[in-house]
Each structure stands twice: as structure tokens, then as C-alpha cells.
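Colleague: here is my input; please provide its structure:
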Amino acid sequence: MKNRNELLKTYIPIVIFGFLCLSVGLNNVDGLRLTLLFSILYLFIENIMNKGKLEDIGFISKNILSDIKKHWWLILLPVVVGIVSINFFKFLLPEAYSYASDTMPMLSFGKLLLQVPQLLILAFAEEIAFRGFFQTKLYDITKPIWAIIITSLFFAIGNFSAIPITSLIYVSFFIFIDNIIYGVIYQRTKNIYSCTISHFLANVIEAFILYIYLFN
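Modeller: Numbering: from 1, shown residues only. Presented below is the predicted three-dimensional model:
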């Protein structure tokens, strides 16, 4: 009975998370909120019930500097991937690039700066949900490499949007690659903060590059 209960405690939250992520979608504001809210609440409530510490679920602030020193290249790698992907997107898929420039709303530099704190909060919440909760839950039923791959696939598929198919494949591929890197960072550091720094830097740099390309 104990083993059955343990399996239920592992599989049920995974299934619920997967359903929210894939059926509602992360590009849908309500879907994103539901997915993040469920996973974050579950993670903290379970930790409280187990009488655990914040460090037990990946909130290890004291290791941030040591993680950066040890894994700086890995933390910065998504930034490089983002720069490469945007430049390739512009020159390899000019039709898709034109579509993006025509359909994206005009954004001022001031509004872009105001989005920076939002990008930090979003990156933090997504890392808690996908690395702290989902990837960690998957560790209980599969090997770490598969947990990282599955988590990355769910994030990429959950971000599907109504764009031309070539653009969708292209964007999803690089989202998947970025999430593989975030997953590896978490696997090596067990630290949500280190993953968040990498995720946030990549999002900010990509946002500013897109702004420069699309609106200047």
C-alpha cells in the first residue's frame, strides 16, 4: 500500500501538470497561470507536509556565486543560442521574419525596459514549475537525462502558437535546446536560482535583439 501511495503521489501531479501544460497551452495566459500555480503550490505544500527546508526544493541562495563561477559557460550558453537563433531566423527564414515584423505590435524602448522585471518573475516561476517541480518529479520514475528531455519537450510543445509551420518548428527547436541547457544546469547545481539567472539573461538579450531588428 505504501508503494502504491508513493506512486500515486508521483504520477498524479505529473499527469495533471502535463494535461495543463499541453491541453491549455503556455501561450494562453490562463493556461500559463494554471500550470505555474498548480506546480508551485504543489511543490511548496508537499515540502511543508514533509517538513522540508527551502534548500530541499532547490532554493539555495548561498550557492549562487559558486554556481556561477563553476558553471558560468553553461549559464551563458542559452544567451549564445538565442543570438544565433534570432540571426538564423532573420536570414534563413525571411518570410517568417517578415510575418513576425508585420504581426508583432509596435513596442517602444521604454515599454521594453518595463518588461524586464516581468521577464525575471516569469523566468523564476517557470524554473520553479519545470525544473523544481516537473523535472524533479520525473527523477522518481526515469533517468535524469530522460527527465531533462521530457521536461524540455513539454515546455516546447506547451509554447506552440499560431505561426507559420516553418517558424513553429524553428522556434520550438530552439526553445527545446534552451530548456535542455536549463535542465542540465539544474541537474548539476540543484539550484532554482542558477537556472533562473540563465533563463532570465537569455530572455532579456533575445527581447532586446528582437526589438533592435524589428523596430529599428
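
Colleague: show me how far stretch 140-153 is from its chain's centre.
Modeller: Computed by C-alpha atoms, centre = their mean, to the nearest Å, the chain-centroid distance of stretch 140-153 equals 14 Å.

Colleague: send me it as CSV with only the CA atoms.
Modeller: C-alpha atoms of stretch 140-153 as CSV (Å, rounded to 0.1, in the frame of the first residue of the first chain):
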residue,chain,number,x,y,z
ASP,A,140,11.4,9.4,-9.4
ILE,A,141,10.3,7.4,-12.5
THR,A,142,13.1,7.7,-15.0
LYS,A,143,16.8,8.6,-15.5
PRO,A,144,17.9,12.2,-15.2
ILE,A,145,18.7,12.5,-18.9
TRP,A,146,15.1,11.4,-19.8
ALA,A,147,13.7,13.7,-17.2
ILE,A,148,15.5,16.7,-18.8
ILE,A,149,14.4,15.7,-22.3
ILE,A,150,10.8,15.1,-21.4
THR,A,151,10.6,18.4,-19.4
SER,A,152,12.1,20.3,-22.4
LEU,A,153,9.7,18.7,-24.8
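
Colleague: buried residues in it?
Modeller: By 16 or more other C-beta atoms under 10 Å, the buried positions in stretch 140-153 come out as Ala147, Ile148, Ile149, Ile150, Thr151, Ser152, Leu153. Glycine gets a C-beta too; all of them are placed from N, C-alpha and C.

Colleague: neighbouring contacts of that stretch?
Modeller: For stretch 140-153, contacts defined as C-beta atoms under 8 Å, 6 or more residues apart in numbering pick out 10-11, 14, 130-131, 134-136, 138-139, 176-177, 179-180, 183-184, 187.

Colleague: now with 7 Å?
Modeller: Stretch 140-153 is contacted from outside by Thr10, Phe130, Phe134, Gln135, Leu138, Tyr139, Phe176, Asn179, Ile180, Gly183, Val184, Gln187, using C-beta atoms under 7 Å, 6 or more residues apart in numbering.

Colleague: ok, for Lys53, nearest residue in space, not its chain neighbours?
Modeller: Closest residue to Lys53 apart from its sequence neighbours, by C-beta to C-beta, 6 or more residues apart in numbering: Asn47 at 8.0 Å.

Colleague: which ones among the buried residues of stretch 140-153 are found in helices?
Modeller: Assignment to helices by DSSP state H places the following of the buried residues of stretch 140-153 there: Ala147, Ile148, Ile149, Ile150, Thr151, Ser152, Leu153.
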